[in-house]
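sequence-free structure coming up:
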C-alpha cells in the first residue's frame, strides 16, 4: 500500500477524493488493481489509455453482457479505450454512495446500443437478448415483452427518453442494489 | 427566487439553442436542486442578490449533447459557502474526470468573497463535519466485518445471497448493541459495586430497598436463596465426578456451576448496590434489570420497524403492477458485481426463468378465467383438503411437543429424586433433551412435507414461496410457544400457600422457574447451533463429496450431490435463533452474548454451506424483496416473543428463592413501587396516562391521523393518475405539433423550390431578354 501511495501526489489524491465518490483507501486500491490489470510498470502516466480488450479482463466486466457498452460509455474519448481516470469514474459511479440519478444516466447510455438517445425497440430487444444469454426467449415472447415495456413507460412515443428512464428507475428498487460493484 | 433562477436558466437555454442547433440537456441532480433552493432562501435573508447566470461549461461529451451547469457568475465574486457547496457537487456530474478537474480549478480560482462572523463559523463547522464524516466512514470501512467474504459471495453468487449474509451481520450488530447495554447496566455494576451482605438469620435483615413492610419477607427470601443454592451445589456434589462429560453436559445444559453464574436470572441479587468509591452512590439493580430489558426490546423494535419501513417503500413501489416487475427484471436484473463465469451463466438462466415465470403467471391468470366449473370445484376441494392436512400436521406436532414436554417434566421429577445407577443418569439426559429434540425433528420433517403438499395446490410460483414460508414460520413459533406454555402450566399449577416454605410442599415446580426457563432457551440455542453444524458438515458435505466425486455423471449422484441453497429456509434458521434470544433475554441476561458468539459461528457455517456445499439456486432472489421479507418475518417473530415475556413480567409471581425480584407479587410491581416513591406530579401524570381519560382521546387522535394519511395517499394516487394522463396528452400534443411542423417545413421548402424554379425560369428568360437586347 505504501508503494502505491507514492504514485500519487497529495494534490492528485485530494482531487480524486473530491471528484469521485471514493475514499482515499479505495482510490489506492483502485490504482493497485489498475496496475495489475494493465500489466505496466510505468506508474507516472495516469492518462495512458488502454484498449477495451485489456479493460475487459477486469473480473467484474469479464462476464458482464454489457461490457462493450460500459467501456464505450465511460471512455472519455468515445473510442472504447480507457485511462485510469476513466476507470476511477467507472468505480465512482458504481460505488454505493453515488446517487440514483447519476447511475441512471450511465445506465441509460449503456442500454442505448444505437446511441440515438432513446431506448427504442431494437435497444430493448438487444438488452433482453444479452440478459437471457443462450437460452433466449422465443421471438414472439420477446416481442410481447418489449411491447409491455414500451406500453407503460413511453408516454409520448418514440422510445424511452432519458428523463423517462430516470423516472422509471425510481420505481425499480433492484436497480440501485444491482448497478454497483465494490472495489 | 427559485422560480426566478429557473426562469433565467430557461432563458439562457433558449438563447443557447438559437445559437446552435444541438439538443441541450440540463443535468441537475436532486442534490443540486436542493441546494439551489436553500441558497436562494439564504440569499433572500442576507439581501445580497448575486446574479446567477447559466454558463456554458463544456460541450460535446457524447456527440451533440451539450451539458449545461448552473455556475455562479464568477466575475462578480461569490461567497465561500456557495463555492464550497459547488465543489461538493462536482462529483455528481456525469462528465469525465478531466472536465471535473477543470470545473474544480475554475471554481477555486474564482475570486470569492470571504464570509465573516457567524456565517464563516457555520461554514467551517459544516466543512469540518463533512470531513469528519468522510474520515469516520473510511475508518468504519476499514474495520468492517467480513468485507472480503461478502465480496466473494457477491462476485460468485450475486446480491440476493449477500442480502442474506448482511442480514446475519445486521442481527449480529443488534445483539452486540444489546450485549453492550446489558453489560454496562447490569453486569458491570454487579461486579464492581459492593453488595450488602445477605444472610439468612432472623435478626439481621439488610438489603431493604423496598420500604419497611417487606423486612420479614426479605429475610425469608434470603433463606430461600440459600436453600436453592445449597440444592444446586448438592446436586453437583452428588454426581461427585469432575470428568469431562459432566463439564460438557453442564456447559450445554446450563446446569451445575453455570446455573448459579451470571448467565441466568437466578443469581442476580435483590438489593440496592453501593459504590463506596463514589461516596456511597446507590444503584437500584432490580430496577435497572427490568428497565434495561424493556428498553432493549423497544429499541430492537424501533430499529426493525425502521429497516422494515425502508424495505416496505421499496416493495410497494415495485408492486405497483406487473409492468414494473418487468422493468425491475430487465433494467435491474443483472448484478454488475458478478465476476465468475459460472455465476454469470447461472444468472442468465435465472433471469430467463424469472421471465418465463412472469409469462407463466400471466398465462395462469388467463387460465384461471377459463376454468370450467367442475375443474374449479376440484381445485377448491384439493386446496381445502391440503389446508386441512396442514392444520392437522401442525396441531399434531404441537400436541407432540406439548406431550413430550410435560412427560419429560414429570419423569425428570421422579428420576432426580432417586437416581441410583448409570442407567438412570442416561435416562435423565435423555429426558432432558426430549422436548428440544422433538422440536428439532419436527422442524426438519414438517417443512419437507409442506413443500410437497403445496405442489398440488396450483398457486403462482411467488405465492407458493410465501405460503410455504408462512406455514413454516407458524410451525417454528408455535413449537416455542407450546414449550413455554407447558412450562407455565407446570408453574401455575401450584396453589399459593407459601406459609413458611419457599415453594409449597405438594408442588413439583423447580425452585427457581425463571432460571429453568432460561436454561431451556439456552439449551435450545446451543442445540440449534449444533444441528446447523451437523447438517452442514456431517450431512451436506458428505452428500456433496459422494455425489460429485464418487458418482459423477450419474443421475443418482447428481440427485445426492446437488444441494440448493434455499434462502428462505436459512433465513428461518436465523430468525428462529433470534427469537430464542429475545425470549430468553429476561431469564438469562447473557443470552445475547451467547447469541453473538453463535451468529459468528453461523456466519461461517452458512458461508461454508453456500460456497462449498451448495450448487447455485436457479431461483432469482431479488435483493429488495428479500430484504423486506427477512425483516417482516423477524417482526412477526418479535411480536410473538413479546406476548409471553410481557405476560410473565406483568402477571406471573416471580419465584421466592432467586432473582432480583424475589418476594414481589409480580415483576412489574417493582416499577409500581418506584413510581409510588416518585414526586407527586410525576405520579399524577403517570396515573393519568393509565386512565381512560387519556386512552380514549389518544386512540381517537391516532385513528384521525391514520385516516388523514390514508386520505392523503388516496389523493396522491389520484393526482398521479391525472398527471400521467396529462403527460400522455402533452406527448400527443408534441407529436401533433411536430407533425404540423414537418408538414409546414415540407410545404415551405416545396414553395421555395417552386419559387426558385420559377425565378430560375425568370432569370433564364431575363437572361435571354438580355441576350436579345445585346443582339
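Here it is on my side, so go on. All values derive from a computational prediction rather than experimental measurement.

wait, is residue B:269 part of a strand?
No. Counting by DSSP: H, G, I helix; E, B strand; the rest coil, one finds residue B:269 to be coil, located in no strand.

quick one: it and residue B:654, what's the gap?
Noted for residue B:269: a distance of 13 Å to residue B:654, by C-beta to C-beta, to the nearest Å. All C-beta spots, glycine's among them, are computed from the backbone N, C-alpha and C.

So if I had to pick from those two, which one is more boxed in?
More neighbours surround residue B:654 than the other of residue B:269 and residue B:654, with 24 against 19 (other C-beta atoms under 10 Å in any protein chain shown).

so which strand or helix has the residue nearest the centre of chain A?
Nearest to the geometric centre of chain A sits residue A:70, at 4.4 Å (C-alpha atoms, centre = their mean). Element membership for residue A:70, per DSSP states H and E: helix A:67-74.

by contact count, what packs against that helix?
With contacts taken as 3 or more C-beta pairs under 8 Å, 6 or more residues apart in numbering or on different chains; DSSP states H and E, helix A:67-74 sits against helix A:52-55, helix A:59-62, helix A:84-94, helix A:100-111.

I would like the residues contacting the first one, please.
Among residues not part of helix A:52-55, those counted as contacts by C-beta atoms under 8 Å, 6 or more residues apart in numbering or on different chains are A:37, A:38, A:61, A:68, A:71, A:72, A:75, A:80, A:81, A:82, A:87.

Pick the most deeply packed of the helices and strands packed on helix A:67-74.
Highest mean neighbour count among the helices and strands packed on helix A:67-74 (mean count of other C-beta atoms under 10 Å in any protein chain shown): helix A:84-94, with a mean of 23.

tilt between that one and helix A:67-74?
Using axes from the mean of the first three to the mean of the last three C-alpha atoms, to 10 degrees, the direction of helix A:84-94 lies 110 degrees away from that of helix A:67-74.

Helix A:84-94 versus helix A:100-111: what angle between them?
Here the directions of helix A:84-94 and helix A:100-111 differ by 120 degrees (the same axes, to 10 degrees).

what about the residue sitting furthest away from the middle of chain A, is that helix, strand or coil?
Distance from the C-alpha centroid of chain A peaks at residue A:140, with 30.0 Å (C-alpha atoms, centre = their mean). The three-state label given to residue A:140 by three-state DSSP is helix.

so residue B:274, which of the three states?
Relying on three-state DSSP, one would call residue B:274 strand.

so how far is residue B:480 from residue B:86?
For residue B:86 relative to residue B:480 (C-beta to C-beta), the value is 57 Å.

Can you name the residue of the stretch 351-500 of chain B nearest to chain A?
Residue nearest to chain A within the stretch 351-500 of chain B (C-beta to the nearest C-beta): residue B:352, separated by 4.5 Å.

quick one: that residue and residue A:133 touch, right?
Yes. The pair residue B:352 / residue A:133 is scored as a contact, 7.2 Å apart, by C-beta atoms under 8 Å.

between the two, who's got more neighbours?
Legend: neighbour count by other C-beta under 10 Å for residue B:352 and residue A:133, higher for residue B:352 (20 against 15).

And stretch B:337-353, what's buried?
Within stretch B:337-353, the residues that count as buried by 16 or more other C-beta atoms under 10 Å in any protein chain shown are B:337-340, B:343-344, B:346-353.

of all these, which two lie farthest apart?
The distance between the two most remote of the buried residues of stretch B:337-353 (C-beta to C-beta) is 21.7 Å, for B:339 and B:353.

any idea how chain A splits into domains?
Per automatic domain parsing, the domain ranges recorded for chain A read A:1-98, A:99-183.

Up against chain A, what does the stretch 651-775 of chain B have?
Taking C-beta under 8 Å from any C-beta of the partner chain as the test, the list of the stretch 651-775 of chain B residues beside chain A reads B:724, B:727, B:728, B:730, B:731, B:732, B:734, B:735.

who are the neighbours in contact with the nearest residue to residue B:608 once chain neighbours are set aside?
Sequence neighbours aside, residue B:536 is the residue nearest to residue B:608 in space, at 6.2 Å (criterion: C-beta to C-beta, 6 or more residues apart in numbering or on different chains). Contacts for residue B:536 (C-beta under 8 Å, 6+ apart) come out as B:605, B:606, B:608, B:609, B:613.

Could you single out the nearest of those to residue B:231?
Of the contacts of residue B:536, the one sitting nearest to residue B:231 (C-beta to C-beta) turns out to be residue B:605, at 37.6 Å.

How many neighbouring residues does that closest one have?
Using other C-beta under 10 Å, residue B:605 has 18 other residues around it.

Show me which parts of the helix or strand containing it are buried, residue by residue.
Using DSSP H and E, residue B:605 sits in helix B:591-608. Residues B:591-596, B:598-599, B:602-603, B:605-607 are the ones in helix B:591-608 that count as buried (16+ other C-beta under 10 Å).

so what secondary structure elements neighbour that helix?
The contact analysis (3+ C-beta pairs under 8 Å, 6+ apart) places helix B:591-608 against helix B:147-157, helix B:159-182, helix B:513-533, helix B:567-585.

so after it, what's the next helix or strand?
Defined by DSSP H and E, the subsequent element after helix B:591-608 is helix B:623-650.

what's the angle from that next one to helix B:159-182?
Calculated by the same axes, to 10 degrees, helix B:623-650 forms an angle of 30 degrees with helix B:159-182.

Quick one: mean pLDDT over helix B:623-650.
The pLDDT scores in helix B:623-650 average 83.

Which positions within the next helix or strand after it qualify as buried?
Scanning forward in sequence from helix B:623-650 by DSSP H and E, the next helix or strand is helix B:669-677. Residues B:669, B:670, B:671, B:673, B:674 are the ones in helix B:669-677 that count as buried (16+ other C-beta under 10 Å).

Now do the host helix or strand of residue B:121: which elements does it pack against?
Assigned by DSSP H and E, residue B:121 belongs to helix B:117-143. Counting contacts by 3+ C-beta pairs under 8 Å, 6+ apart, helix B:117-143 packs against helix A:24-38, helix B:80-89.

Could you list the low-confidence segments of chain A?
The model of chain A has pLDDT under 70 over residues A:1-6, A:40-44, A:134-136, A:152, A:154-158.

Identify the residues contacting residue 126.
You didn't pick a chain, so chain A it is. Going by C-beta under 8 Å, 6+ apart, residue A:126 touches residue A:113.

sorry, should have said chain B
Contacts of residue B:126 by C-beta under 8 Å, 6+ apart are residue B:84.

any idea how far it is from chain A?
With distances taken as C-beta to the nearest C-beta, to the nearest Å, residue B:126 is found 15 Å from chain A.

residues making contact with stretch B:459-469?
Against stretch B:459-469 from outside (C-beta under 8 Å, 6+ apart): B:357, B:360-361, B:364, B:447, B:450-451, B:454, B:457, B:568, B:572, B:629, B:633.

Just the buried subset of the residues you listed, please.
Burial by neighbour count, 16+ other C-beta under 10 Å: within the contacts of stretch B:459-469 this picks out B:357, B:361, B:447, B:450, B:454, B:568, B:572, B:629, B:633.

what about the fourth one, helix or strand, and which?
Counting by DSSP H and E, the secondary-structure element that holds residue B:450 is helix B:422-455.

do the same with the second one
Taking DSSP H and E as the definition, residue B:361 sits inside helix B:341-370.

Need the mean per-residue confidence for that helix.
77.

Kindly spell out which helices and strands sit in contact with whatever helix or strand comes next after it.
The helix or strand immediately downstream of helix B:341-370 is helix B:373-417, counting by DSSP H and E. If you count contacts as 3+ C-beta pairs under 8 Å, 6+ apart, helix B:373-417 packs onto helix B:422-455, helix B:461-492.

Can you tell me which of these is most buried?
Using mean count of other C-beta under 10 Å, helix B:461-492 ranks as the most buried of the helices and strands packed on helix B:373-417, with a mean of 18.

That helix: how far from the chain's middle?
Remark: helix B:461-492 is offset 20 Å from the chain centroid, using C-alpha atoms, centre = their mean, to the nearest Å.

Now do residue A:119 against residue A:168, distance only.
Relative to residue A:168, residue A:119 is positioned 10 Å away (C-beta to C-beta).
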